[in-house]
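Engineer: Provided below are the primary sequence and the corresponding predicted coordinates.
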Amino acid sequence: MTQKLFDENAYQAEFEATVVSQTQTELGWEVVLDKTCFFPEGGGQDSDAGTLNGQKVKKLVKTDDGDIIHVMQEKIEQSTIIGQIDWKKRFRNMQQHSGQHILSGVLLNTYKLQTESASFTEKEGHITLEWSIPDNDLEKALIAANEIIFANKPIITKFISLDEIEKYNLAKLPKDKFTKTGKIRIWQIEGFYTIPCGGTHCKSTGEIGNIFVKSNKIHGNRTDLNFTTGFVTLDYLTATKKITSELAKMLEVGTDGLVDATKKVMDDRHALNLALRENQEQVAAQKAVQILQTATKGKVTFTAFVYSEADKGTVKTTLYQLAETPNSVHIAHGANVPLTVVSSKDVSLDTLSILTELKTKFNGKGGGSKTYWQAMITDHEQFVKELMEKLS
C-alpha cells in the first residue's frame, strides 16, 4: 500500500520516494511508489498535478488495495524519484474543499439542508442540496460561512477508529468502502461541523480567504450551487472585471451604467427586429403578388420559384401569403437550400403522399405535413418538374 504523505501533511509539495513497480499499459507507464504526495481524484476533489523526476504525471489512479498509480508517458529509469506537486493547484483545491465543508455545515446547522454531493476543481466548486433554499436565506448562509472563515478557526483533519464514531457526531456516516481499514479520516471545526473526508485541507479557516456563490439554480426540490473560494474567487472576479470593463468600453458607459446601457441595447434590438419583420412582410407581399401572376391552374393553382440562402428570411412568409389563394400549392427551391412546399388549408390533392413518393424517388431527406413540407433534394429542378406534372 502506498504511503499517502498528503494525509500527514497537505502542505508538503516535494518528496523523495522509491519506485516499487512499473508496468506499461495502454495508458502509459503505470508507476507505483512506496510513498507519494500526489492526491488522486476522490471525494469530489480533483487530482493533483505535478512531476516525477521532471516528467509530467499524466493521470493518478487509486487502486482498491490502496496503491496510487502515477501514469507517466515515459518509463522512469531511476530507482528513486523526486516528486513535485503543482502547489498552486493543490492550495486552490484545499481552499475549495475546506470552504465547501464550511458552507455545507452552515446550511445543515441553520437550515437543516444536507449536501447530497459536492465536487470542486481549481476553477470552481459545486454543491447539490437535497432541498431548495430561498435567495435571502442563501445570502445569510454565505455571510455566516464567511464569518467563520474570518474568525480563523483551526481545522482538524485526523484518523479515528470506527469505535470512536459516536463521540464525534458526524454530519454524515462514512461509506462502507472507507471503513475497510477499521479507521476513517475526518474533517472538523470543533463545535461547528465534523464529517468524514479524505481530501487535502487548509489548517485554519482564515487560509480559505473567502467563499462566494457564483450562481444557484433550483431543479425541482434540489438546489445546485456553484461557488469559489480564496484565490479561485480572485481569479473569477479578475476575469469578470475584465469582461465588464470591455463591455463598458464598447457601450461607452461606466461599469455602474452597464445594466441601463444593456437594457437600451435590448430595447433597440427589439425595435429593429420589429421594423425588419415589417419590412420582410412588405417584401414578401410584393413578391407574392409578382409570383401569383405566373401561377398555373391545373388540378390546383400552383407556383414555383427559385430562392437562395440570402432569401431565407422572407421565403417562408412569401409562401404563406401565396397559400392564402384557395386550393393552391406553392414551391420554393434552389441550390443548397431546403425545397419547401406550402399548400392552402383547403387544397384538394393529397400533397403529402405525392411529396413523400417523390422524396423517396430522389433520395431526399426531410418531410412535413399536407400544408407545410420541407426536404433537401439534390436534383431540385427535376423534382419540381415532376411535382408540377402531378399538379397539372
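Structural biologist: Looks like it arrived, so ask away. As the structure is a prediction and not an experimental result, all values here were calculated from the model. Numbers count the residues shown, from 1 in each chain.
Engineer: my read: residue 251 touches residue 261, true?
Structural biologist: Yes: counting by C-beta atoms under 8 Å, residue 261 is a contact partner of residue 251 at 4.2 Å. Backbone N, C-alpha and C define where each C-beta goes, glycine included.
Engineer: strand partners (parallel or antiparallel) of whichever strand in the chain runs longest?
Structural biologist: The single longest strand within the chain, with elements called by DSSP state E, is strand 14-25. Strand pairing for strand 14-25, using DSSP bridges, gives strand 28-33 (antiparallel), strand 80-85 (antiparallel).
Engineer: buried ones in the last one?
Structural biologist: When you say that, I think you mean strand 80-85. Along strand 80-85, these residues count as buried under the neighbour rule (16 or more other C-beta atoms under 10 Å): 81, 83-85.
Engineer: and it, average pLDDT?
Structural biologist: For strand 80-85, the mean per-residue pLDDT is 96.
Engineer: immediately after that strand, which helix or strand?
Structural biologist: helix 87-111 (DSSP states H and E).
Engineer: mind listing what's buried in that following helix?
Structural biologist: Within helix 87-111, the residues that count as buried by 16+ other C-beta under 10 Å are 89-108, 111.
Engineer: then stretch 62-69?
Structural biologist: For stretch 62-69, burial by neighbour count (16+ other C-beta under 10 Å) applies to 62, 67-69.
Engineer: shaky segments in the stretch 101-250 of the chain?
Structural biologist: 176-181 (pLDDT under 70).
Engineer: helices of that one, start to end?
Structural biologist: 135-150, 230-251 (DSSP state H, counting those that start in this stretch).
Engineer: what lies in contact with the shortest one?
Structural biologist: Counting contacts by C-beta atoms under 8 Å, 6 or more residues apart in numbering, the residues outside helix 135-150 that touch it are 99, 102-103, 106-107, 110-111, 133, 189, 192, 205-206, 208-213, 216, 225.
Engineer: same thing but 10 Å
Structural biologist: Helix 135-150 has contacts (C-beta atoms under 10 Å, 6 or more residues apart in numbering) with 95, 98-107, 109-111, 113, 129, 132-134, 189, 192-193, 202, 204-213, 216, 218, 223, 225, 227, 229-230.
Engineer: again with the last one
Structural biologist: By C-beta under 10 Å, 6+ apart, the surrounding residues in contact with helix 230-251 are 88, 91-96, 98-99, 120-125, 149, 202, 207-212, 214, 226-228, 253-258, 260-262, 264-265.
Engineer: what is the burial count for residue 383?
Structural biologist: Residue 383 has 21 neighbours, counted by other C-beta atoms under 10 Å.
Engineer: equivalent analysis for residue 74, please.
Structural biologist: By other C-beta under 10 Å, 10 other residues sit near residue 74.
Engineer: who are the contact partners of the closest residue to it other than its chain neighbours?
Structural biologist: Using C-beta to C-beta, 6 or more residues apart in numbering and skipping residues adjacent in sequence, the residue nearest residue 74 is residue 55, 6.1 Å away. With contact taken as C-beta under 10 Å, 6+ apart, residue 55 is in contact with 29, 31, 70, 72-76, 81.
Engineer: and residue 55, what's its pLDDT?
Structural biologist: At residue 55, pLDDT is 96.
Engineer: which SSE is residue 284 in?
Structural biologist: In this structure, residue 284 sits in helix 258-292 according to DSSP H and E.
Engineer: and that helix, how far out from the chain middle?
Structural biologist: 33 Å (C-alpha atoms, centre = their mean, to the nearest Å).
Engineer: which helices and strands does that helix pack with?
Structural biologist: helix 230-251, strand 301-306, helix 312-322, strand 328-333 (3 or more C-beta pairs under 10 Å, 6 or more residues apart in numbering; DSSP states H and E).
Engineer: repeat that with 8 Å
Structural biologist: Using 3 or more C-beta pairs under 8 Å, 6 or more residues apart in numbering; DSSP states H and E as the contact test, the elements touching helix 258-292 are helix 230-251, strand 301-306, helix 312-322.
Engineer: and for the next helix or strand after that helix, what's in contact with it?
Structural biologist: Using DSSP H and E, the helix or strand that directly follows helix 258-292 along the chain is strand 296-297. For strand 296-297, contacts defined as C-beta under 8 Å, 6+ apart pick out 302-303, 388, 391-392.
Engineer: and if you look at stretch 277-288?
Structural biologist: Looking at what lies outside stretch 277-288 - C-beta under 8 Å, 6+ apart - the contacts are 313-314, 317-318, 321-322.
Engineer: in a markdown table: these, plus pLDDT.
Structural biologist: Output for the contacts of stretch 277-288, formatted as a markdown table (pLDDT from 0 to 100):
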| residue | pLDDT |
| --- | --- |
| 313 | 77 |
| 314 | 86 |
| 317 | 91 |
| 318 | 93 |
| 321 | 92 |
| 322 | 94 |
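Engineer: ok, back up a step: which of the helices of the stretch 101-250 of the chain sits most buried?
Structural biologist: Comparing the helices of the stretch 101-250 of the chain by mean neighbour count (mean count of other C-beta atoms under 10 Å), helix 135-150 ranks first with a mean of 17.
Engineer: export that one as CSV, just CAs?
Structural biologist: The C-alpha atoms that make up helix 135-150 are tabulated as CSV, following Å, rounded to 0.1, in the frame of the first residue of the first chain:
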residue,chain,number,x,y,z
ASP,A,135,-32.2,33.5,-2.2
ASN,A,136,-32.3,35.6,1.1
ASP,A,137,-31.5,32.5,3.2
LEU,A,138,-28.7,31.6,0.9
GLU,A,139,-27.3,35.2,1.3
LYS,A,140,-27.5,34.8,5.1
ALA,A,141,-25.7,31.4,4.9
LEU,A,142,-23.0,32.9,2.8
ILE,A,143,-22.4,35.7,5.3
ALA,A,144,-22.3,33.2,8.2
ALA,A,145,-19.8,31.0,6.2
ASN,A,146,-17.5,33.9,5.6
GLU,A,147,-17.7,35.0,9.3
ILE,A,148,-16.4,31.5,10.2
ILE,A,149,-13.6,32.0,7.7
PHE,A,150,-12.6,35.4,9.0
